[in-house]
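S.K.: the following comprises the amino acid sequence and a computationally predicted model.
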Amino acid sequence: MSFPAGYRTRPLGPEDQREVLSLDSWGFPTGTDLETLAEIGLELHWDRYVGVVTDTADPDAVPIDGARPVRSELVAMHGSRPFAQFPVPGAEIAVGGLTWVIVHPQHRRRGILRAMIDHHFAACRERGEAVSALFAAEATIYGRFGYGLAANDLRVTVPRGAALRPALTDDGAASCTVRIEELSFERHGALIDAVSTEASRRPLGVDAPHEALLNRPGSVRYDALTGRRRLSDPVAFREGKESNRIVIVERDGEPRAFAIMRRESRWEVAGPRGVVHVSEAVVTDPGSARVLWTTLLDLDLMAETQAAFLPEDDVLLELLVDPRTAQARRADNLWVRVVDPAAALAQRRYAAPLDVVLHVQDAVLPENTGAYRVTAGAFEPATAARTDASPDLSLDVRTLGSAYLGGVTLAQLALGGHVVEHTPGALATASAAFAWPVAPVCPWVF
Ligand SMILES: CC(=O)SCCNC(=O)CCNC(=O)[C@H](O)C(C)(C)COP(=O)(O)OP(=O)(O)OC[C@H]1O[C@@H](n2cnc3c(N)ncnc32)[C@H](O)[C@@H]1OP(=O)(O)O
């Protein structure tokens, strides 16, 4: 779909920073003034950002030959993160991470987002990204474009001192040491990357057969540009809390787990009721997890610890004596759009043998509509291609996106009527094959 009349795209670059920040504050209201935002600055992969402008006669300009010069105004934009190694079941693939989607309120509901989405899908195809993923500002926006909810995360609030279960065997906790420091990209960027990579590729500490990664789908690491920005900690964004700290758990001098956290002081008549806000908690083995959470759940003057973006199978819930104390709430995490079904289906691995014909309906990219045969041995490389064979299962591309990371089963989706079985038994076998042993999550918002 093309842009509505009167709007056109233009590339964005670092020289557009101020206009971009101004548009951003129209899309996402903020109490921070433009001067401060400009001082903090932006670090974007500018070549992947596209603006939408409208041209109007400039009321402030001196007319030339009776006509007022035209002024072009940035009214919308979108961009995408270049995830070259995005974890999907058993593999890491190129994914376009849609982000910074903004339409100025004055120009909304005229079809600009719809046109930007078309633009984004075309760019994904050109770049060889068979899949796009995003975090949704509002959960009702992206389903219509074929994005399916593929991962949920947990937000927990745990009281200080909540008891953890003892380990059955020696889990190595006793040989761990803890460091708590002021977070800095220069000092901790490499350490965070190393622990995050290990936790993403080998969350269970063991490998899958056939060189498949027994990985955590969705747990993409940040690149250097994003990491520098994410680990910076402008005062304007702290909302009265302290600066970011990092808790590092080490064994034999090697980092095994970390958490990024900040404390918020609260004083009540009864005494201190502070809150520990954990923005990321990444562990690589049960012993380091026990030590990390013991530390996070026992900080002086704090009454509770809040953590977000934990996977649905997070270790904390396995460690707590009373899992109810976590007060876990579920929130939508990653939304996934399969842009090229044959490529995407072949790029991931499957947890059980599979030979299935899927009929995929795609209203937004109608050329994708058709039947695909997917074959794979358990954890082995897969093949996927168009076929004239009659389908075993029918689903639309949004449902395929939901199932793609292995955290939402085809059986679960069938409960809602989103998958139709034509061949008896196909739903059960395909559902088992598409599911993945480790729950998907992205631990940071992009
Ligand atoms: C991945 C991310 O970056 S998420 C961030 C998204 N951005 C924001 O939330 C910032 C504030 N909001 C905005 O900037 C805009 O309102 C947007 C981007 C959400 C929508 O842009 P618009 O240009 O108004 O959308 P557009 O006119 O193309 O609408 C396309 C369809 O989406 C629907 N839609 C748009 N916004 C919403 C919404 N917030 N909730 C539900 N539906 C929506 C429209 O009704 C329309 O539906 P239809 O095709 O069935 O009639």
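M.R.: Great, that's in hand.
S.K.: residues contacting the closest residue to residue 37 other than its chain neighbours?
M.R.: In this structure, residue 37 finds its nearest non-sequential neighbour in residue 21, 4.7 Å apart by CB to CB, 6 or more residues apart in numbering. (Each C-beta comes from the backbone N, C-alpha and C, glycine too.) By CB atoms under 8 Å, 6 or more residues apart in numbering, residue 21 lies in contact with 34, 37, 38, 42.
S.K.: how much space between residue 21 and residue 329?
M.R.: 32 Å (CB to CB, to the nearest Å).
S.K.: could you say which helix or strand holds the residue nearest to residue 11 when sequence neighbours are not counted?
M.R.: Distances taken as CB to CB, 6+ apart place residue 50 nearest to residue 11, at 6.6 Å, with adjacent residues excluded. Element membership for residue 50, per DSSP states H and E: strand 49-57.
S.K.: please spell out which residues along that strand are buried.
M.R.: Residues of strand 49-57 classed as buried by neighbour count (16 or more other CB atoms under 10 Å): 49, 50, 51, 52, 53, 54.
S.K.: got a markdown table for those, with pLDDT and distance to residue 285 too?
M.R.: As requested, those are exported to a markdown table (pLDDT from 0 to 100; distance: CB to CB, whole Å):
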| residue | pLDDT | distance to residue 285 |
| --- | --- | --- |
| 49 | 97 | 39 |
| 50 | 98 | 43 |
| 51 | 98 | 46 |
| 52 | 98 | 48 |
| 53 | 98 | 51 |
| 54 | 97 | 55 |
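S.K.: any idea which element residue 78 lies in?
M.R.: Per DSSP H and E, residue 78 falls inside strand 70-88.
S.K.: tell me which stretches of the stretch 1-150 of the chain form strands.
M.R.: 7-11, 49-57, 70-88, 91-103, 131-134, 148-149 (DSSP state E, counting those that start in this stretch).
S.K.: just say which of those strands is most tucked in.
M.R.: strand 131-134 (a mean of 27; mean count of other CB atoms under 10 Å).
S.K.: can I take it that residue 287 is in a strand?
M.R.: No. Assignment of residue 287 by DSSP: H, G, I helix; E, B strand; the rest coil gives helix, placing it outside any strand.
S.K.: what would the strands of the stretch 1-150 of the chain look like in TSV with distance to residue 142?
M.R.: Putting the strands of the stretch 1-150 of the chain into TSV (distance: least, CB to CB, whole Å) gives the following:
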stretch	distance to residue 142
strand 7-11	20
strand 49-57	18
strand 70-88	12
strand 91-103	8
strand 131-134	7
strand 148-149	9
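S.K.: which one of those lies closest to residue 218?
M.R.: strand 70-88 (6.2 Å; CB to CB).
S.K.: pairing partners for the strand holding residue 50, with directions?
M.R.: Paired with strand 49-57 in the same sheet, following DSSP bridges, are strand 7-11 (antiparallel), strand 70-88 (antiparallel).
S.K.: any chance of those in a markdown table, plus distance to the ligand and mean pLDDT?
M.R.: Below are the strands paired with strand 49-57 laid out as a markdown table (distance: least, CB to the nearest ligand atom, whole Å; pLDDT from 0 to 100):
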| stretch | distance to the ligand | mean pLDDT |
| --- | --- | --- |
| strand 7-11 | 10 | 97 |
| strand 70-88 | 7 | 96 |
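S.K.: follow-up on the earlier one: now the residue nearest to residue 11: how far from the ligand?
M.R.: 13 Å (CB to the nearest ligand atom, to the nearest Å).
S.K.: these two touch, right, that residue and residue 74?
M.R.: No. In this structure, residue 50 is not within contact of residue 74 by CB atoms under 8 Å, at 10.7 Å.
S.K.: can you list the residues of this structure near the ligand?
M.R.: Neighbours of the ligand within the chain, by CB under 6 Å from any ligand atom: 27-28, 98-103, 108-114, 134, 136-138, 140-141, 144.
S.K.: quick revisit: just how off-centre is the strand holding residue 78 within its chain?
M.R.: Remark: strand 70-88 is offset 15 Å from the chain centroid, using CA atoms, centre = their mean, to the nearest Å.
S.K.: quick thing: my sequence starts at 195, can you match it?
M.R.: Renumbered: residue one is now 195, and that last one reads strand 264-282.
S.K.: which residues does residue 409 contact?
M.R.: Contacts of residue 409 (CB under 8 Å, 6+ apart): 281, 283, 284, 285, 286, 394, 395, 396, 397, 632.
S.K.: export the residues you listed as TSV, with columns for distance to residue 468.
M.R.: Shown next, in TSV, are the contacts of residue 409 (distance: CB to CB, whole Å):
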residue	distance to residue 468
281	35
283	40
284	42
285	43
286	39
394	31
395	35
396	35
397	31
632	33
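S.K.: which of the residues you listed lies closest to residue 205?
M.R.: Closest to residue 205, out of all of those and judged by CB to CB, is residue 286, at 28.7 Å.
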